[in-house]
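Participant: This is a predicted model, with the sequence first.
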Amino acid sequence: MATAVKSESDLEAATKGCDYPFLIGFGNNLPGGSKTSCTPYSRIGRKANDAGSEFSWICRTNYFRPAGGAVFDDLGLIGHNPETGDTGFWAIPINGRAPFADAGTDLTITGRQIPVPGTPQDRDYRPGRPFWKTITEISNGRCLYCHDSDAFIHSPAVHNQLGADGTGFAGVVPSKPKGPYHAVSAAKLNAKASASNKTWNNATVVTAPAAEPCTECHRIADRQTCQVFVPDAVNSKRATTPDKYYQTWYPYSKWMPYHDPRKIRQKYAKKKDWDNAFFAAVKQIADCCVTSPAADCKMTAIALKSPSRGCCRNPETTVAFYTAAQSCPSSCLFGIDDCPDAPSKVCCAYTDAEYPDRCSSIHFMTIIAGTTCSGRRPTTAPASSTTSGSAARCPMRKATYSLTTRLDRIACIGWPARRPRMPIAPLPEPRAA
């Protein structure tokens, strides 16, 4: 039996939990001053471009909002190239004004039209600030603190949302659990971030042999995966509050190795069967997820694969251009980060009419978007060359990150919203020991 969340009073009555809460806290988001992570009607979307890059976004309702509404409190977007590991993060300022309160600034968004980053629609969305967070704001977002193991986080709450086509929620969020992974322009983001938010370098992951029952399918990194996601998945410490049955009854109390309790029951009929398979691995991971892990934890940095495109810079003349790694002359420097001292006009402007020729202001976006051109190659420039007004225009190249044809198509709404369930009675199950 299950009760659908149809009104705010249902959430008030469910402050002890629900079946699939989000693993982040939303603060006091109910009229009575209490809080819940069970707000319904968030949406998740997914697209891919012709080069194979994956894009996924979530539009969150941090407060109860009517089904089918167009108002959302938060939006996050991730773009990931599974071949190179290049990953970009976008987010908006989170709305903190409750629909039942008068205090605070209303930062809600309408999910029907999402402006492309860097366009006039983005920059002029609100008086004094753009729709999307600025680079400095993103740099302090600690994205790789939670997205520490790979680009996309999976949880029962995420898997419980419908896809953009409304046909089901399986596979809405891409799964690239062991591929190359790094944040685009990590060094630049760390340089802009405050001291406590310099988390853009890759995390280290547990590679101890004893942990393999849990790590053979995905990584377990030493940040939030260690501290929050693993304890929640194995029910040793819940991040937020699920319904009491999902805290105490097997198989609902676990969400690894499957998010679906029916699959867990099918393979591990009793709790002791699950323990026999995973208890030693969970203990090993807990022993490794500490400040000073033992040597047998074998903490290893996530491997970086050479990106398909990056910054090639002549150290003598500082002429820089974006190109494939194999095309960068041996006399030049190549890296995944942009060249902060490169002349702004060396990077190429978008040909799309929505993107004016403001290369210096979208320098970072040029790297993320990958819709770049070669610029003037250092090997053909005179030794005394400068780029002040002399950088030749070059043909547009579509690289692996082509956002100009994708971001303008995302939306928060336009498909049915799943109505989360709150169990009021469990299926007949033996209580977990």
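Facilitator: Cool, got the structure. Numbers count the residues shown, from 1 in each chain.
Participant: Spit out the contact partners of Y20.
Facilitator: Residues in contact with Y20 (C-beta atoms under 8 Å, 6 or more residues apart in numbering) are S155, P156, A157, N160, P242, P420. All C-beta atoms are positioned from the backbone trio N, CA, C, and that covers glycine.
Participant: mind listing which of these are in helices?
Facilitator: P156, A157 (DSSP state H).
Participant: got a winner among the contacts of Y20 for most neighbours?
Facilitator: Highest neighbour count within the contacts of Y20, by other C-beta atoms under 10 Å: P242, with 26 neighbours.
Participant: can I assume it is in contact with T36?
Facilitator: No: under the criterion of C-beta atoms under 8 Å, P242 is not in contact with T36, lying 11.1 Å apart.
Participant: farthest pair in the contacts of Y20?
Facilitator: Maximum pairwise distance among these (C-beta to C-beta): 13.3 Å, between S155 and P420.
Participant: which intervals of the protein have sub-threshold pLDDT?
Facilitator: 1-6, 10-16, 162-171, 305-410, 412-433 (pLDDT under 70).
Participant: repeat that with 80
Facilitator: Residues of the chain that meet the criterion pLDDT under 80 lie in 1-17, 50-51, 67-69, 103, 112-113, 161-172, 241-245, 303-433.
Participant: Using the record's assignment, carve it into domains.
Facilitator: Split into domains by automatic domain parsing, the chain comes to 1-202+404-418, 204-301, 309-399.
Participant: Could you double-check that P257 sits in contact with P251?
Facilitator: No: counting by C-beta under 8 Å, P257 stays clear of P251, with 11.1 Å between them.
Participant: quick one: which of those two has more around it?
Facilitator: For P257 versus P251, neighbours defined as other C-beta under 10 Å are more numerous around P251 (23 against 18).
Participant: dump the residue contacts of the more buried one.
Facilitator: P261, R262, I264, R265, Y268, K271, W274.
Participant: before we move on, the earlier item: joint contacts of P242 and T36?
Facilitator: C18, P21.
Participant: how near is K237 to C289?
Facilitator: 11 Å (C-beta to C-beta, to the nearest Å).
Participant: neighbour count winner among those two?
Facilitator: Using other C-beta under 10 Å, the more surrounded residue of K237 and C289 is C289, with 20 against 10.
Participant: Pull the number of nearby residues for the nearest residue to the more buried one once chain neighbours are set aside.
Facilitator: What sits nearest to C289 in space, not counting adjacent residues and going by C-beta to C-beta, 6 or more residues apart in numbering, is C226, at 3.4 Å. Using other C-beta under 10 Å, C226 has 23 neighbouring residues.
Participant: before we move on, what about Y125?
Facilitator: Y125, neighbours per other C-beta under 10 Å, totals 16.
Participant: does it really touch G118, like I thought?
Facilitator: No: taking contacts as C-beta under 8 Å, Y125 lies outside contact range of G118: 12.0 Å.
Participant: quick one: which helix or strand includes K47?
Facilitator: Using DSSP states H and E, K47 falls within strand 43-48.
Participant: Over to T240?
Facilitator: Using DSSP H and E, no helix or strand contains T240.
Participant: what secondary structure does the nearest residue to it once chain neighbours are set aside sit in?
Facilitator: Distances taken as C-beta to C-beta, 6+ apart place S37 nearest to T240, at 3.9 Å, with adjacent residues excluded. When classified by DSSP: H, G, I helix; E, B strand; the rest coil, S37 comes out as coil.
Participant: Can you show me the helices along the stretch 201-350 of the chain?
Facilitator: Using DSSP state H, counting those that start in this stretch, the helices of the stretch 201-350 of the chain run over 212-215, 224, 230-234, 244-248, 261-267, 271-288.
Participant: could you say what helices and strands the third one packs with?
Facilitator: Packed against helix 230-234, as judged by 3 or more C-beta pairs under 8 Å, 6 or more residues apart in numbering; DSSP states H and E, are the following elements: helix 271-288.
Participant: Now for P257 and P251: what residues contact both?
Facilitator: Residues touching both P257 and P251 (C-beta under 8 Å, 6+ apart): I264.
Participant: any idea which element E137 lies in?
Facilitator: Using DSSP H and E, E137 maps to helix 135-139.
Participant: Any buried residues in that helix, and which?
Facilitator: I135, I138, S139 (16 or more other C-beta atoms under 10 Å).
Participant: Tell me the one of those nearest N29?
Facilitator: I138 (24.2 Å).
Participant: Show the contacting residues for the closest one.
Facilitator: The neighbours of I138, taking C-beta under 8 Å, 6+ apart as the test, are F89, W90, A91, L189.
Participant: In helices only, show me these.
Facilitator: Using DSSP H, these in helices are L189.
Participant: Turn the contacts of I138 into CSV, columns for distance to P21.
Facilitator: Converted to CSV, the contacts of I138 look like this (distance: C-beta to C-beta, whole Å):
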residue, distance to P21
F89, 23
W90, 25
A91, 21
L189, 30
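Participant: Neighbour-wise, which one of the contacts of I138 leads?
Facilitator: That'd be L189 among those, by other C-beta under 10 Å, with 26 neighbours.
Participant: Am I right that it is in contact with N197?
Facilitator: No: applying C-beta under 8 Å, one finds L189 not in contact with N197, separated by 9.1 Å.
Participant: Look up the residues that both of these two are in contact with.
Facilitator: S139.
Participant: As a markdown table, the helices of the stretch 201-350 of the chain with mean neighbour count would be great.
Facilitator: Shown next, in a markdown table, are the helices of the stretch 201-350 of the chain (neighbours: other C-beta atoms under 10 Å):
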| stretch | mean neighbour count |
| --- | --- |
| helix 212-215 | 18 |
| helix 224 | 21 |
| helix 230-234 | 21 |
| helix 244-248 | 17 |
| helix 261-267 | 15 |
| helix 271-288 | 17 |
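Participant: For T240, see how far away K35 is.
Facilitator: On the measure of C-beta to C-beta, K35 and T240 end up 9 Å apart.
Participant: who touches both of the two?
Facilitator: What both K35 and T240 touch, as defined by C-beta under 8 Å, 6+ apart, is the set G25.
Participant: re the thing from before, indicate which one of the helices of the stretch 201-350 of the chain is closest to S53.
Facilitator: helix 224 (24.4 Å).
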